[in-house]
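# What follows is a protein structure lacking sequence information:
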Ligand code: AMP
């Protein structure tokens, strides 16, 4: 990563180091952590700072308390999980600013770790109110941002605070994210295959447009593919689509032709005549090629598409995947996404999973160990892949 300074560029010994992490973990109804991936992703930076005798002050948001102190969105369970993982006590401060937080931070010894209470218990965090950011800065000699998942938002703890702290650097996770989503996809080892799926063309069109400049092959799956099918004059029955984005889809295909980028759409589809997302069940199913009849909905790519996509994935040296091939949350509609997960995992190239539902899909497929990198950012990774500057990264010290 060429541009911003990282934790590797700073001496931390004896310093109060405010680390913005992403501990926005999913919780069960009894406030148990149901997936601790995000905690694990923050561990390398925390350990790095402990080893360098920093006084580590961790801050994060959790859920959407909208400026209210909601006990069910307390970070206390995360402090307990973190203590177990690090095998050391974690001090938990019941506030993220003010006298209580300051007292707890000032009592830390070198190598100690403290976790502040949920930043979003204050509405000023998301509004990026300067006084709030300044209060956070009182807890910091040095600022480290390692929360890639919120780096696309200019909040008090991701951008505001950097105006009040002299040294602001990236953590190891952000460094890795920028390396894989940035460097490795902007100057990819070729051939470069990009797989995009998910619900909406409108969410990903800018990514498609940016990656059409660099990719050798773009594969489209998921509901997105039906808007492209409409552009190609196909009938799509009751499938999810965006008819007002047909021209955008057509423009992407035209650009691909112009640039000599192979543009692969599904050649067959699994369709259902009914579906209950809540119950995770489907009615009658068929695999068809060509037009989808009325009363039927496309829910996954078919076996011929899977084979076609597999070939393009196997020959790639760099692979980027964002978005499932179908309604992978329902087992009956998950075959296509899981088969693509398998192809990506088995490839010899660098495989990068661009956050959100594709990470969920690759985890439930059981192949996550075999991919090179899984992004922790959903929206942030998409915005970054679009070529946007992330405010939480732009605010850090330049090399
Ligand atoms: P995204 O957040 O844009 O990556 O979209 C992910 C969502 O797209 C998942 O919840 C999928 O269930 C959904 N999805 C993928 N394929 C389809 C499809 N054929 N019909 C409806 N939803 C789909």
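In hand now; what should we look at? On a predicted model such as this, the values are computed, not experimentally measured, just so you know.

# domains in the chain, as residue ranges please.
7-173, 180-386 (automatic domain parsing).

# Looking at this protein, which residue is nearest the ligand?
Here the residue of the chain nearest the ligand is residue 198; by C-beta to the nearest ligand atom that distance is 2.5 Å. Backbone N, C-alpha and C define where each C-beta goes, glycine included.

# and the nearest residue to that residue once chain neighbours are set aside, how far is that from residue 355?
Sequence neighbours aside, residue 323 is the residue nearest to residue 198 in space, at 3.0 Å (criterion: C-beta to C-beta, 6 or more residues apart in numbering). According to C-beta to C-beta, to the nearest Å, residue 323 stands 10 Å off from residue 355.

# hang on, the earlier thing: who touches the residue of the chain closest to the ligand in this structure?
Residues in contact with residue 198 (C-beta atoms under 8 Å, 6 or more residues apart in numbering) are 204, 222-224, 322-324, 356-358.

# 10 Å instead, please
204, 220-224, 322-325, 356-358, 382 (C-beta atoms under 10 Å, 6 or more residues apart in numbering).

# Find the residues that touch each one of residue 323 and residue 355.
residue 382.

# Mind checking the pLDDT average for the helix or strand encompassing residue 364?
Using DSSP states H and E, residue 364 maps to helix 357-365. Helix 357-365 comes out with an average pLDDT of 85.

# can you tell me if it touches the ligand.
Yes - using C-beta under 6 Å from any ligand atom, helix 357-365 reaches the ligand at residue 357.

# so after that helix, what's the next helix or strand?
Criterion used, DSSP H and E; the element after helix 357-365 is strand 373-374.

# For the residue nearest to residue 314 when sequence neighbours are not counted, give me its contacts.
For residue 314, ignoring the flanking residues on the chain, the nearest one in space by C-beta to C-beta, 6+ apart is residue 347 at 6.0 Å. Counting by C-beta under 10 Å, 6+ apart, residue 347 touches 193, 310, 313-319, 370-372.

# Of the domains of the chain, which is nearest residue 394?
domain 7-173 (8.1 Å; C-beta to C-beta).

# Rounded mean pLDDT for the closest one, please.
Model confidence over domain 7-173, given as mean pLDDT, is 97.

# Enumerate the residues of the protein near the ligand.
Within the chain, the positions lying close to the ligand (C-beta under 6 Å from any ligand atom) are 198-200, 203, 222-223, 240, 298-299, 323-324, 326-327, 329, 356-357.

# Now the buried members of the residues you listed.
198-200, 203, 222-223, 240, 298-299, 323-324, 326-327, 356-357 (16 or more other C-beta atoms under 10 Å).

# The residues you listed in helices, which ones?
Mapping those onto helices (DSSP state H) picks out 203, 357.

# what two of the buried ones among the residues of the chain next to the ligand have the greatest distance between them?
Taking C-beta to C-beta, the two most distant members of those are 298 and 356; they sit 20.7 Å apart.

# so what pLDDT did residue 270 get?
98.
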